[in-house]
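Engineer: next input, structure requested:
(2 chains)
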Amino acid sequence: MPVFYGTEVPSRLMLGTALYPSPAVMADAFRRSGAGIATVSLRREAGNGGGQDFWALVAGLGVHLLPNTAGCHTAREAVTTAHMAREVFGTDWIKLEVIGNADTLQPDPFGLLDAARILTDDGFHVFPYMTEDLVLADRLLAAGCEVLMPWAAPIGTGLGLMNPYALRSLRAHFPDVPMVIDAGLGLPSQAAAAMEMGFDAVLLNTAVAHADDPAAMAEAFALALRAGRLAHDAGPMAPRDMAAPSTPLIGKAFL
Amino acid sequence: MRMTIRGAGVMGLCAAVELAGRGVQVVLQDPAPQAGPHQCSWWAGGMLAPICEGETADESITRLGQRAAAWWAAQGVEITANGTLVLALGRDRAELDRFAKRIASHSPVDAAGIAVLEPLLAGRFDRALHVTPEAHLNPRAALAALRARAAALDVSFTTPGPAEGQVIDCRGLAARDALPDLRGVKGEMLLLRAPGLALHRPVRLLHPRVPIYLVPRGNGVFMLGATMVESAERGRVTVRSMLELLSAAYALHPGFAEAEVLETGTDARPAFPDNRPRLRLRDGVLHLNGLYRHGYLMAPVLAQMAAAFLLDDTRPELMDEDHP
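Structural biologist: Below you'll find the model as predicted:
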């Protein structure tokens, strides 16, 4: 199972806590999928301590909490929000989001790197939400990040692994860095493909929360992750162009 | 028989009218002498939309909420029953299909149909869902009508004090002292006046993150709502929320750019973890709470169930099973 900053988590599935029909449905999704980490936002909810009840519900899920800086558009805002999160949730973990485009919610790689440097210097364990860029990954690791969270596609689109080449390249260049596919997954088959590529975990929110039956969809993803990881570990056969009969066909020319 | 109701929001008033109508001498206790901005009920949208709410709400809301419009009409409250028009902007159109799939019934409407139903929106959208039977009311007028109705039924209004007879707690989020699993879900809204613009029914504009609705209140006044933030905070309207709501209204029709902002408002909806309203008996007190987004839709149903429980010994469908 994946290890993030020295902590082994019991599942390759991480779930967001937004957009569910109700907190009860959200709790069902966690129960049925066995998800090991819950991400939780606090920027908008924090006003006058008003978010306490919901945060208590999330804490009651009994999983690791990964607060995020959702809604932050500058490094400075993200750093402030991270400090607030550390106080509220009592964890050094922070999923760092610095949004560069309000419409697509695409990460701002420059602000992200700035904020990651400041926060790792400050003792935070940063989980950077990033585009799938290899050079950005290199810089984030140099800044002290020990986990990377490349996106599959823009948040909420459900388009799946839009750039498999770049994701494979990331995986190949940094084989020992725990990597979580974050954002843009819509179907369990896409999550299985991410596992087959060797990624360590996936983070989902909309794909589960906006399903007709969120708990069943969460379970479907958990099963797909298991299948994909098992396949990765089992060592897939190498594809080839021609059919390869498992018994030699006597009397035919070798192809 | 005497009973004491705590809280004169929509829930307490519905319960008072329902019980007094069945011969109970009701004392209605509330710190405020009249309806006003201190109440969550004051800021409601006033949509009676059991089918649209079925997008995310439990099946019981859709089924039981169908009774609400007739109940309000019977209290002398003005009801407009033109259904709901559901729209999505260009690239959010997948949301329209998702919404249609989730709700119990709708009629698909094309551009020509939209022009007939809402001439204001002619040429702006090429498809929509018309959802009937659904209705809307003006919440502030409804609260005033219920208070008048209660007074006519000899309900006495007092400030909080010693209770007489069965206590029915309808204090909304204030009842958290007795109901620890109750939480607040913050909502922000605006009242706009745009005399040149007319809508005949509530319009919902779908969006994956920021769905909004616009409810016509007559005389060019519109209620624009509402945010849903997991926070019990009351009384602080944020710039971000106003930007989201107003941008959506502007996208619906640019004419809203010239509308006058009459009011901004915010409060926290009382909700249980499953977002379903319920009756709960706790230490002899009957709680009617957790109305969430469905105050005007579900308060009449809960009031009827409370009366049936207290007067006929009928176990209501929405009685809390976890807390007998």
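Engineer: give me the residue ranges of the chain where confidence is low.
Structural biologist: All of this refers to chain A. Low-confidence segments of chain A (pLDDT under 70): A:244-255.
Engineer: please go with chain B instead
Structural biologist: For chain B, applying pLDDT under 70 flags the ranges B:322-324.
Engineer: contacting residues around whichever residue of it sits closest to chain A?
Structural biologist: Relative to chain A, the nearest point of chain B is B:Glu233 (2.9 Å; CB to the nearest CB). C-beta coordinates here come from the backbone N, C-alpha and C atoms, glycine included. Neighbouring residues of B:Glu233 by CB atoms under 8 Å, 6 or more residues apart in numbering or on different chains: A:Gly47, A:Asn48, A:Gly49, A:Gly50, A:Gly51, B:Gly184, B:Lys186, B:Ala268.
Engineer: and if you look at A:Ala227?
Structural biologist: With contact set as CB under 8 Å, 6+ apart, A:Ala227 has these partners: A:Ala192, A:Met195.
Engineer: distance of it from B:Leu310?
Structural biologist: Separation of A:Ala227 from B:Leu310 (CB to CB, to the nearest Å) stands at 55 Å.
Engineer: for the stretch 51-200 of chain B, what lies in contact range of chain A?
Structural biologist: In this structure, the stretch 51-200 of chain B approaches chain A at residues B:Thr56, B:Ala57, B:Arg98, B:Lys101, B:Arg102, B:Arg183, B:Gly184, B:Lys186, judged by CB under 8 Å from any CB of the partner chain.
Engineer: what's the following helix or strand after the host helix or strand of the last one?
Structural biologist: To tie it back to what came earlier, the one meant is B:Lys186. Assessed by DSSP states H and E, B:Lys186 sits inside strand B:183-193. Using DSSP H and E, the helix or strand that follows strand B:183-193 in sequence is strand B:203-206.
Engineer: mind listing what's buried in whichever helix or strand comes after that next one?
Structural biologist: Moving toward the C-terminus from strand B:203-206, the next helix or strand (DSSP H and E) is strand B:212-218. Neighbour-count burial for strand B:212-218, counted by 16 or more other CB atoms under 10 Å in any protein chain shown, picks out B:Ile212, B:Tyr213, B:Leu214, B:Val215, B:Pro216, B:Arg217.
Engineer: pull the most distant pair out of the residues of the stretch 51-200 of chain B next to chain A.
Structural biologist: Spatially, the most separated pair among those is B:Lys101 and B:Gly184, at 30.6 Å (CB to CB).
Engineer: neighbour count: these two, which is higher?
Structural biologist: B:Gly184 (25 against 10; other CB atoms under 10 Å in any protein chain shown).
Engineer: correct me, but the more buried one touches B:Thr266?
Structural biologist: No: between B:Gly184 and B:Thr266 there is no contact under CB atoms under 8 Å: 11.0 Å.
Engineer: does chain A sit close to the longest helix anywhere in chain B?
Structural biologist: Longest helix of chain B, by residue count under DSSP state H: helix B:295-312. No: among the residues of helix B:295-312, none lie within reach of chain A under CB under 8 Å from any CB; the closest is 14.7 Å away.
Engineer: in that helix, what's buried?
Structural biologist: Buried residues in helix B:295-312, counted by 16+ other CB under 10 Å: B:295-307, B:309-310.
Engineer: one more: stretch B:177-193?
Structural biologist: B:179, B:181-192.
Engineer: for stretch A:109-117, same thing?
Structural biologist: Using 16+ other CB under 10 Å as the test for burial, stretch A:109-117 gives A:Pro109, A:Gly111, A:Leu112, A:Leu113, A:Asp114, A:Ala115, A:Ala116, A:Arg117.
Engineer: now flag whichever of those residues is closest to chain B.
Structural biologist: Ranked by distance to chain B (CB to the nearest CB), the buried residues of stretch A:109-117 are led by A:Gly111 at 18.4 Å.
Engineer: hmm, A:Glu97 and the closest one touching each other?
Structural biologist: No: applying CB under 8 Å, one finds A:Gly111 not in contact with A:Glu97, separated by 9.8 Å.
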